[in-house]
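Peer 1: Just to be clear, the model below is a prediction. Sequence and coordinates:
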Amino acid sequence: MRFLFACKILSSKNWWKRGIREFARYIAEGKVEIQDVAVGEEDGYCSISTGASIAKTVEASANGIIPLTRLDTLLRDTEVTFLKADVEGNELQMLKGAKELIIRCKPKIAITVYHAQNDCWEIRDYVLSLVPEYQYQLKGMVAWGKPLMLHMWVKRPST
């Protein structure tokens, strides 16, 4: 089993170092691959703007210096069974960049939906427009009344 940890969305060397430190054993075993990229709706470059909190906004930009990639590009030849993401409000853009992956692999999805710019129903509806067989459940609640996580899955036939 292999995992991919794309860290650049947080745009912080501290987070990058933390990811390498926490996954060191799994990197050495070839189970984790760390990519220094932002994930989004298109391939190219981007800039990441910061707000008053940890939340960031990824904006595709010809003048950007941060590599931006779609998960469809990054994981083109990979069978993905589980997709978990907390990309600071850019979850829908990331999923749009994973359109082919979602249709092809139908992975289980656990994605944060509590960020101000997220609409859990829009995210759910987007995934359902790709694969109507997905089922879903919202879990958790943050102080300001938004769901915390959206879990989605396709029931597999029993063996």
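Peer 2: Now that the structure is in, tell me what you want to look at.
Peer 1: For this structure, give the helix that spans the most residues.
Peer 2: Ranked by number of residues, the top helix in the chain under DSSP state H is helix 13-28.
Peer 1: helices or strands up against that one?
Peer 2: For helix 13-28, the helices and strands in contact under the criterion 3 or more C-beta pairs under 8 Å, 6 or more residues apart in numbering; DSSP states H and E are strand 3-6, strand 32-35. No exception for glycine: its C-beta is placed from N, CA and C like everyone else's.
Peer 1: can we see that at 6 Å?
Peer 2: In terms of contact count using 3 or more C-beta pairs under 6 Å, 6 or more residues apart in numbering; DSSP states H and E, helix 13-28 is assigned the packing partners strand 32-35.
Peer 1: How are the strands of this structure distributed by residue range?
Peer 2: Using DSSP state E, the strands of the chain run over 3-6, 32-35, 38-39, 44-50, 56-60, 66-69, 82-85, 108-112, 135-141, 147-153.
Peer 1: winner for burial among these?
Peer 2: strand 38-39 (a mean of 28; mean count of other C-beta atoms under 10 Å).
Peer 1: Starting from that one, tell me which strands it pairs with and how they run.
Peer 2: In the sheet, strand 38-39 lines up against strand 66-69 (parallel) (DSSP bridges).
Peer 1: chain center to stretch 17-33: distance?
Peer 2: Chain-centre distance of stretch 17-33: 18 Å, with C-alpha atoms, centre = their mean, to the nearest Å.
Peer 1: same check, this time on stretch 42-51
Peer 2: Centroid displacement of stretch 42-51 relative to its chain, using C-alpha atoms, centre = their mean, is 14 Å.
Peer 1: next one: stretch 151-159
Peer 2: Centroid separation for stretch 151-159 versus its chain: 20 Å, with C-alpha atoms, centre = their mean.
Peer 1: And stretch 113-132, by the same measure?
Peer 2: Averaged C-alpha coordinates place stretch 113-132 at 12 Å from its chain's average position (C-alpha atoms, centre = their mean).
Peer 1: Okay, now it: how far is its last residue from its first?
Peer 2: 20 Å (C-alpha to C-alpha, to the nearest Å).
Peer 1: for the record, mean pLDDT for it?
Peer 2: Within the predicted structure, the mean pLDDT of stretch 113-132 is 90.
Peer 1: before we move on, what about stretch 69-77?
Peer 2: For stretch 69-77, the mean per-residue pLDDT is 92.
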